[in-house]
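A.B. asks: Whatever this is, show me its structure:
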Amino acid sequence: MNAPFFAFIGAKGGAGTSTLCVELAKAMHDETNVVLVDADFSGRRSAAILTDGVRYLDAARSEHGRHIAQARVSGTTLVEMADSYESSFTVNLAEVEEFAASLRGPGIVLVDVPLPFSATVRPFVVRATRFIVVTEPTLLGVTAARTLVNELRRFGIPPARIALVLASRSNNVTAARGEIERSVGVPVLAELPALGDRGFSRALSQLARDLRTIAPETTLAGLLASDSGQIRDRRVHRRDAGAIGSGPTSPSIGPLIASTPPPMTPRDLLKAQIHEALAKNIDLVDASKAQGDVAKLAELRAKIGQIAQEILVRSPIADSAEAIAQIKLEIINEALGLGPLEEFMHEPDVTEIMVNGADEIYVEVAGIIQKTTKRFPNEAQLRLVIERIIAPLGRRVDEAAPMVDARLPDGSRVNAIIEPVSLNGPTLTIRRFGNRRLTAEDLLEKGSVTPEILDFLRACVESRLNMVISGGTGSGKTTFLNILSAYLPQRERIITVEDAAELLLNQPHVVRLESRPPNLEGTGQITIRDLVRNALRMRPDRIVVGEARGAEALDMLQAMNTGHDGSLTTVHANSARDALSRIETMVLMSGFDLPVRAIREQVSSAIDLVVQTARLRDGSRKVVSVSEIVGMEGETVTMQDVVRFQQHGIDEQNRVVGAYEYTGVQPMALQRFAEYGVVYDHRKLSALTLAARAW
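C.D. replies: Numbering: from 1, shown residues only. Predicted structure coming up:
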């Protein structure tokens, strides 16, 4: 007889899942044979530490030479998958599958399951007869629990197999049991007071008795193998019976309630079955390390395609060659790539991809945001894609560090943010730069700039003027910085400093520096400011900072004022004047108590030119002004526009209509051009429309 599997899953980090599993094992082992499995492959060793079983597991691992270690600790059979993060990459999936299948006979198996469900955890997940979601009875805990329950349901798990355990960490309970059941849609199995409270032992003993009365039933693997129509009918029947979100809603919980997730279609169930077959035959954790190895990826794609083909040809859902090919492509993308995002990553017109949880994917095309019909199968798959992006860069995202910036191999910028900070679930934003970077000719063709302005800026770069490119989010600052960097002389040594490396310079002598976040211990962080200060010691001819956003602005100004002319950077600001104010604010963030006048004098002497970019209402991006810094008048930094874009209206296609105007002032940069011997015809700007007034 198969032992009943209870999969305990924390709705969010710090829910106390590991502690609950250990305490339950202690409460049950006198009457029942208990196996406690720590299925966390990150090497945190929570169960081993809580049971004081580290030495026993280490001895067992050393004796048998296996990654999976088990030992008898205080009457419980304790099983540990990995003793370190590094060892998790060498765990053999077949070994995990074999071990999970060996857990038979009388007794109870408690599995501490981490999120997301990786391939190596699936042998335990598919054998689970009950899923116990552990959460706090708070609004944040309820939100996380509902998100997790929805993920489990999309995975094909009926609500009847899911239950909640409310684990309080204090007496500050903000949601009642009935409200939580109505909001999440599954019953509460137990309410546990804080550990150490007098009622904790009594509530834990009752939970242990309840679990012993639950007999083994059909596992998830059996559900996935059964008729998809029956599963769907069973889910619809429970919803009609009022099991999901029925009853009145408490005002304290009401705003958190989301709509019931769509039931899994036969196509979704078929794909889930294929993924289970992949998990048994391919180590997808090892496969994730093959990114960049063309030969290895080709071999994996072929193997995945073969496994998928064997299942698809027997399925009535894949009733044509086109359907089989489409599902195979989706499976390969989900197993090795970015899942439903892969299609957009190969579309040259898509400049931004925005994922608002598993069910909503938006893209920006030609500056216009539109919702797509694509979605992730569940939030676990979305988390897996995020991990796949950031893991090769040595970055992490978890509850301790829920936000991360990263980049893709093609240079596209990535931002990910997860719960509890993101109430929508995992949110992913990809700013694409494409396989081919835009050139000056592309911008001229799109009308983003004119040849006269571009030639003027070329002369400014060659004559080593310090330039700031300013603009709002998505206005094209980094793209324009890339284009201006093409005018940097080939003979110069260039140091680039970025938060996430995006700049692609074609000069031969380029040193690229990238910041680094803190590690798990909170140490080892390398900031942009650290890199700017270090760049000054590297004998640079030019320093290019991808974006100044903090205290590094002070070091940048000092570099510009101490012989490092020709530096380039970008800042977020709505106008050229705002850009100077923002730089002033960033200098104040450095911690030095500098007089405002001293800062403004630094700004006026260091920065020569501000190029303002903008994304207009029709989605087009343009250089809207080029302004010179001309000095100080009293306490104010004075500027003069050289050229600016004047909008005249909107045409019938809702496109912005306007023209570039020359203000008529003689640029102070002309003297610098002459000093550096830069060839420039000052009459070119006169070809633009003369502004009616300069100010």
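
A.B. asks: for the stretch 251-400 of the chain, what spans make up the helices?
C.D. replies: Here the stretch 251-400 of the chain has its helices, by DSSP state H, counting those that start in this stretch, at 266-281, 284-287, 294-312, 321-336, 342-345, 379-390.

A.B. asks: weakest of these by average pLDDT?
C.D. replies: Sorting those by mean pLDDT places helix 284-287 lowest, at a mean of 54.

A.B. asks: what are the bridge partners for Phe131, then?
C.D. replies: When assigned by DSSP bridges, Phe131 has beta-bridge partners Ala7, Ile162.

A.B. asks: returning to that earlier point: right, and the helices of the stretch 251-400 of the chain - which one's nearest Glu63?
C.D. replies: Evaluated with C-beta to C-beta, these place helix 284-287 nearest to Glu63, the distance being 25.2 Å. For glycine as for every other residue, the C-beta is placed from the backbone atoms N, C-alpha and C.

A.B. asks: what about Gln490, how many residues close to it?
C.D. replies: As a burial measure, Gln490 scores 8 neighbours (other C-beta atoms under 10 Å).

A.B. asks: you'd agree it is up against Gln507?
C.D. replies: Yes: with contact defined as C-beta atoms under 8 Å, Gln490 counts as touching Gln507 (5.5 Å).

A.B. asks: Go through the helices of the stretch 251-400 of the chain and pick out the most buried.
C.D. replies: Across the helices of the stretch 251-400 of the chain, averaging neighbours per residue (mean count of other C-beta atoms under 10 Å) puts helix 379-390 on top, at a mean of 22.

A.B. asks: just to revisit the earlier point, nearest to Gly524, of the helices of the stretch 251-400 of the chain?
C.D. replies: Checking the helices of the stretch 251-400 of the chain against Gly524 by C-beta to C-beta gives helix 379-390 as the closest, at 16.0 Å.

A.B. asks: Can you name every helix or strand that that closest one contacts?
C.D. replies: Contacts defined by 3 or more C-beta pairs under 8 Å, 6 or more residues apart in numbering; DSSP states H and E place helix 379-390 against helix 139-154, strand 403-407, strand 413-417, strand 427-431.

A.B. asks: mind listing what's buried in the second one?
C.D. replies: Translated: strand 403-407. 404-407 (16 or more other C-beta atoms under 10 Å).

A.B. asks: Okay, now the sheet partners of that strand, with direction.
C.D. replies: Checking strand 403-407 against DSSP bridges gives partners strand 413-417 (antiparallel).

A.B. asks: among the helices of the stretch 251-400 of the chain, which is nearest Ser62?
C.D. replies: helix 284-287 (23.3 Å).

A.B. asks: Isn't Ile311 up against Gln273?
C.D. replies: Yes: here Ile311 reaches Gln273: they are 6.3 Å apart, a contact under C-beta under 8 Å.

A.B. asks: could the buried residues of strand 403-407 be laid out in CSV, adding distance to Phe99 and pLDDT?
C.D. replies: What follows is the buried residues of strand 403-407, written out as CSV (distance: C-beta to C-beta, whole Å; pLDDT from 0 to 100):
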residue, distance to Phe99, pLDDT
Val404, 33, 87
Asp405, 38, 85
Ala406, 34, 82
Arg407, 38, 78
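
A.B. asks: what's whatever helix or strand Val643 lives in in contact with?
C.D. replies: Using DSSP states H and E, Val643 sits within strand 636-650. If you take C-beta atoms under 8 Å, 6 or more residues apart in numbering as the criterion, strand 636-650 is touched by 452-453, 456, 576-577, 580, 600, 603-604, 610, 616-618, 622-632, 656-663, 665, 667, 685, 688-689, 691, 694.

A.B. asks: Need the CA coordinates for that strand. PDB is fine.
C.D. replies: Provided in PDB are the C-alpha atoms of strand 636-650 (Å, rounded to 0.1, in the frame of the first residue of the first chain):
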ATOM      1  CA  THR A 636      21.200  79.900 -11.400                       C
ATOM      2  CA  VAL A 637      22.800  77.700 -14.000                       C
ATOM      3  CA  THR A 638      22.000  79.400 -17.400                       C
ATOM      4  CA  MET A 639      21.200  77.400 -20.500                       C
ATOM      5  CA  GLN A 640      20.400  78.100 -24.100                       C
ATOM      6  CA  ASP A 641      18.500  75.900 -26.600                       C
ATOM      7  CA  VAL A 642      20.400  75.400 -29.800                       C
ATOM      8  CA  VAL A 643      17.600  73.400 -31.500                       C
ATOM      9  CA  ARG A 644      14.200  72.100 -30.400                       C
ATOM     10  CA  PHE A 645      11.300  70.200 -31.800                       C
ATOM     11  CA  GLN A 646       8.100  72.200 -32.200                       C
ATOM     12  CA  GLN A 647       4.900  70.200 -32.300                       C
ATOM     13  CA  HIS A 648       2.100  71.600 -34.500                       C
ATOM     14  CA  GLY A 649      -0.700  69.100 -34.000                       C
ATOM     15  CA  ILE A 650      -1.900  65.600 -34.900                       C
END
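
A.B. asks: Spell out which strands sit alongside that strand in the sheet and which way each one runs.
C.D. replies: Strand 636-650 has the following strand partners under DSSP bridges: strand 621-633 (antiparallel), strand 656-662 (antiparallel).

A.B. asks: so of those strands, which one's packed in deepest?
C.D. replies: In terms of average neighbour count - mean count of other C-beta under 10 Å - the standout among the strands paired with strand 636-650 is strand 621-633, at a mean of 20.

A.B. asks: where along the stretch 101-250 of the chain do the helices fall?
C.D. replies: Using DSSP H, counting those that start in this stretch, helices in the stretch 101-250 of the chain cover 122-125, 139-154, 177-184, 200-212, 220-225, 228-240.

A.B. asks: Okay, domains of the protein per the record?
C.D. replies: 5-262, 267-431, 440-690 (automatic domain parsing).

A.B. asks: Would you single out the least confident of the ones you listed?
C.D. replies: Lowest mean pLDDT within the domains of the chain: domain 5-262, a mean of 72.

A.B. asks: Contact partners for the residue nearest to the spatial centre of the chain?
C.D. replies: When C-alpha atoms, centre = their mean is applied to the chain, the residue found nearest the centroid is Ala416 (2.3 Å). Counting by C-beta under 8 Å, 6+ apart, Ala416 makes contact with 386, 389-390, 397, 403-404, 406, 426-429.

A.B. asks: what do you get if the cut-off is 10 Å, keeping everything else the same?
C.D. replies: 355, 382-383, 385-387, 389-390, 395, 397, 402-406, 422, 426-430 (C-beta atoms under 10 Å, 6 or more residues apart in numbering).

A.B. asks: just Phe673 next, same as before
C.D. replies: By C-beta under 10 Å, 6+ apart, the contact list for Phe673 reads 456, 459-460, 462-463, 465, 667, 679-680, 682.

A.B. asks: How about the contacts made by Val611?
C.D. replies: Residues in contact with Val611 (C-beta under 10 Å, 6+ apart) are 449, 453, 457, 460, 467-471, 477, 480-481, 484, 568, 570, 576, 579, 623-627.

A.B. asks: Swap in 8 Å and give it another go.
C.D. replies: The contact partners of Val611, by C-beta under 8 Å, 6+ apart, come to 457, 467-470, 480, 623, 625-627.

A.B. asks: try Ile495
C.D. replies: With contacts defined as C-beta under 8 Å, 6+ apart, the neighbours of Ile495 are 510-511, 513, 535, 538, 540, 542-544.

A.B. asks: Is it correct that it falls within a strand?
C.D. replies: Yes: counting by DSSP: H, G, I helix; E, B strand; the rest coil, Ile495 is located in a strand.

A.B. asks: How much space separates it from Glu514?
C.D. replies: To Glu514, Ile495 is 12 Å away according to C-beta to C-beta, to the nearest Å.

A.B. asks: what do you get for Ser183?
C.D. replies: In this structure, Ser183 and Glu514 are 43 Å apart, going by C-beta to C-beta.
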